[in-house]
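> Just to be clear, the model below is a prediction. Sequence and coordinates:
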Amino acid sequence: MGLTDTLADYFGFREHDTDLRTEVVAGITTFLAMSYIVVVNPTILAADGKTPGIDLAGYSDAQTIQMIAVVTLVASAVAMLVMAFYANRPFGLAPGLGLNAFFAFTVVGTLGIPWQTALAAVVVEGLLFIVLTAVGAREYVIKLFPEPVKFAVGTGIGLFLAIIGLQAMGVVVDDPATLLTLGNLAQNPVAVLSVLGLFFTFALYARGVKGSIVIGILATTAVGAVLTLAGVVSPGTLIGSWVQQGGVQPSAFPDATYDITPLVGAFLSGFENVEAFGFALIVFTFFFVDFFDTAGTLVGVGQVGGFLDENGDLPDADKPLMADAVGTTVGGMLGTSTVTTYVESATGVEEGGRTGMTALVVGVLFLLSLAFVPLAAAIPQYASHIALVVVAVLMLSNVTEVRWDDVTHAIPAGLTILIMPFTYSIAYGIAAGIVSYPIVKAATGEAEDVSVGQWLLALAFVCYFVVRTSGVIQGAV
């Protein structure tokens, strides 16, 4: 029996109607869509004298950034190996956007908590997740999601992906009057290139070209590299080159730094002189956002891949949840913020990824990227995020599953879809749907349809928002 047959038997290609080539293409697609995190996560978490975060005495900003990049790769790979071999699902994992910003800007910056203590909170959260997942509590809570929320999550994530992608491409920009507006496309070579790349990718997809998203990303990256070398795209600074402009400028990077000992185990010192109540609130916030971000992503991406059962539940959800929990724990121990399941997984699922082989490919590519530190994120954002916009358009079809003629479904579903992109949070969108569901049901005289667990879940979200937005955390530390 050859390697291909062994992989096919282990991951169940036949049962999932897939093959090795499809799984590899799907894994590459997800990797390309997620690759930006290798640069974005370190630049958010590392302190640079102007912004708060992880500050390593005796090391330069560039060295700190590279250490966190290495940790990001390793923690992500560990989580995806668990996803591949234990869960057998095609989901990618990495330190989550939003949670890393909360770590650096709120916990370390606003609250003045040492970054070591913030890492300790991440580790505690991860261990708590492992226990809750092992006893089935996390899967039980996900099953409490009202049906309209489950069916709306996919569309909400689609809109969320669209905003992320269009911003990275320079098509949508900030505006003080309207919050968002159309960018000056004709004056921005990156925006022009990304739009052309997007339509090229759509054209390939419309013609049924296998791997169309990968081809579109790579083609846009190649043209972008040529334009950068030609001087059309300014290389800018280290961060500007990779995060804002995306130019391929190896000379802008210092020598690679692989020694991560200053970060590994730093969380242990974070338990010293901890104020119990304030620490518990920080753990609670990490926990709540990660829990429902992951839950929403699993349900939304599961809907795209046809993984959900007739009740809108993901079978054996405890297994991918365990991968998330292990990744978070390992990541905190190594020196990064909470690891979570990525909505970008939808790009690989859309390419046909159905098994853990897709996750294995992503994990291996993350490990191979260690050889190219600090060039691990060679795919620029404006190219990789083309995938997000393509998938966003495809995910909008999920909205047809909602019973819009039933107000008790339309309101929770509508709020779930609207709140996600407008608050830049999957968790907040789910919260809006879950809180509104029992209220609307009760108002229409259908309170008997709401379980005790759903009432308690809605109440838990209300408590969370009180803690998160009232300044309670600031007052406790």
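Looks like it arrived, so ask away.
> From Val390, how far out is the residue nearest the centre of the chain?
Residue closest to the average C-alpha location in the chain (Cα atoms, centre = their mean): Tyr342, at 3.3 Å. According to Cβ to Cβ, to the nearest Å, Tyr342 and Val390 sit 16 Å apart. C-beta: built from backbone N, CA, C; applies to glycine.
> try Met169
12 Å.
> before we move on, the earlier item: check contacts around the residue nearest to the centre of the chain.
30, 34, 37, 91-94, 96, 297 (Cβ atoms under 8 Å, 6 or more residues apart in numbering).
> same deal with Met34?
Applying Cβ under 8 Å, 6+ apart, we find Met34 in contact with 92, 94, 342, 344, 362, 384.
> Based on its surroundings, how many neighbours for the fifth one?
Neighbour count of Val362, defined by other Cβ atoms under 10 Å: 36.
> mind listing what it touches?
Contacts of Val362 by Cβ under 8 Å, 6+ apart are 27, 30-31, 34, 80, 92, 348.
> Downstream of the helix or strand in which it is found, the next helix or strand is which one?
If you go by DSSP states H and E, Val362 is part of helix 356-368. Past helix 356-368, further along toward the C-terminus, the next helix or strand under DSSP H and E is helix 381-384.
> so what does that next one touch, helix or strand wise?
With contacts taken as 3 or more Cβ pairs under 8 Å, 6 or more residues apart in numbering; DSSP states H and E, helix 381-384 sits against helix 20-34, helix 147-169, helix 189-206, helix 212-229.
> Would you mind measuring from the nearest residue in space to the residue nearest to the centre of the chain that is not next to it in sequence to Ser35?
Residue nearest to Tyr342 in three dimensions, not counting chain neighbours: Gly92, with 4.8 Å by Cβ to Cβ, 6 or more residues apart in numbering. Relative to Ser35, Gly92 is positioned 10 Å away (Cβ to Cβ).
> More neighbours: those two, which one.
Gly92 (34 against 25).
> Find the residue ranges of the stretch 301-450 of the chain scoring beneath the pLDDT cut-off.
Along the stretch 301-450 of the chain, segments meeting pLDDT under 70 span 373-379.
> show me where it has strands.
339-341 (DSSP state E, counting those that start in this stretch).
> Do a quick rundown of the helices in it.
Taking DSSP state H, counting those that start in this stretch to define them, one finds helices in the stretch 301-450 of the chain at 318-334, 345-350, 356-368, 381-384, 386-395, 407-423, 426-443.
> Can you name every helix or strand that the longest one contacts?
The elements that helix 426-443 packs onto, with contact taken as 3+ Cβ pairs under 8 Å, 6+ apart, are helix 147-169, helix 276-305, helix 407-423, helix 452-469.
> With mean pLDDT and distance to Leu45 added, can I get the helices and strands packed on helix 381-384 in TSV?
Listed next are the helices and strands packed on helix 381-384 as TSV, based on pLDDT from 0 to 100; distance: least, Cβ to Cβ, whole Å:
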stretch	mean pLDDT	distance to Leu45
helix 20-34	93	17
helix 147-169	86	19
helix 189-206	93	25
helix 212-229	85	25
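> Of those, which is nearest Glu125?
Closest approach to Glu125 among those is made by helix 20-34 (21.5 Å; Cβ to Cβ).
> Tell me what angle whatever helix or strand comes next after the closest one forms with helix 356-368.
Going down the chain from helix 20-34, the next helix or strand is helix 37-45, by DSSP H and E. Counting by axes from the mean of the first three to the mean of the last three Cα atoms, to 10 degrees, helix 37-45 lies at 60 degrees to helix 356-368.
> Below-threshold pLDDT in the stretch 1-150 of the chain: ranges please.
Applying pLDDT under 70 to the stretch 1-150 of the chain picks out residues 1.
> 80 - rerun?
Across the stretch 1-150 of the chain, the ranges flagged by pLDDT under 80 are 1, 36, 39-40, 48-51, 62, 97-98, 106, 110, 142.
> Which parts of it are helices?
Assigned by DSSP H, counting those that start in this stretch, the stretch 1-150 of the chain shows helices spanning 3-11, 20-34, 37-45, 61-82, 99-101, 115-134, 137-143, 147-169.
> In CSV: the ones you listed, plus distance to Ala222.
Putting those into CSV (distance: least, Cβ to Cβ, whole Å) gives the following:
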stretch, distance to Ala222
helix 3-11, 30
helix 20-34, 13
helix 37-45, 19
helix 61-82, 23
helix 99-101, 30
helix 115-134, 38
helix 137-143, 41
helix 147-169, 16
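> Ok, which of the ones you listed comes nearest Gly453?
Short answer: helix 137-143, nearest of the helices of the stretch 1-150 of the chain by Cβ to Cβ, at 7.9 Å.
> Any buried residues in the closest one, and which?
Neighbour-count burial for helix 137-143 flags 138-139, 141-142 (criterion: 16 or more other Cβ atoms under 10 Å).
> Can you name the two of the contacts of Tyr342 that sit furthest apart?
Spatial extent of these (Cβ to Cβ) is set by the pair Thr30 and Gly96 at 15.3 Å.
> More neighbours: which of the two?
Neighbour tally, Thr30 and Gly96, criterion other Cβ under 10 Å: the higher count belongs to Thr30, 32 against 29.
> who are the neighbours in contact with that one?
90, 92, 342, 344-345, 347-348, 353, 358, 361-362.
> Just give the nearest non-adjacent residue to it, would you?
Thr30's closest residue in space is Gly348 (Cβ to Cβ, 6+ apart), at 3.4 Å.
> The one you found reaches Gly92, doesn't it?
Yes. Contact status for Gly348 versus Gly92: in contact at 7.0 Å, counting by Cβ atoms under 8 Å.
> Need the pLDDT of the nearest residue to Gln66 once chain neighbours are set aside.
Nearest non-adjacent residue to Gln66, counting by Cβ to Cβ, 6+ apart: Thr257, 4.1 Å away. Here, the pLDDT recorded for Thr257 equals 72.
> just the one 4 residues further on next, same as before
In the predicted model, Thr261 carries a pLDDT score of 94.
> helix/strand/coil for it?
Secondary structure, DSSP: H, G, I helix; E, B strand; the rest coil: Thr261 is coil.
> so what's the backbone phi/psi at it?
phi -60, psi -30 (degrees, to the nearest 10).
> what do you get for Leu111?
Dihedral pair for Leu111: phi -80, psi -20, per degrees, to the nearest 10.
> cool, Leu182 as well?
The phi/psi pair for Leu182 (degrees, to the nearest 10) is phi -70, psi 130.
> How about the contacts made by it?
By Cβ under 8 Å, 6+ apart, the contact set of Leu182 is 171-173.
> tell me which of those residues is nearest to Pro52?
Among the contacts of Leu182, and counting by Cβ to Cβ, the member closest to Pro52 is Val173, at 25.5 Å.
> and Leu111, how many neighbours?
Neighbour count of Leu111, defined by other Cβ under 10 Å: 18.
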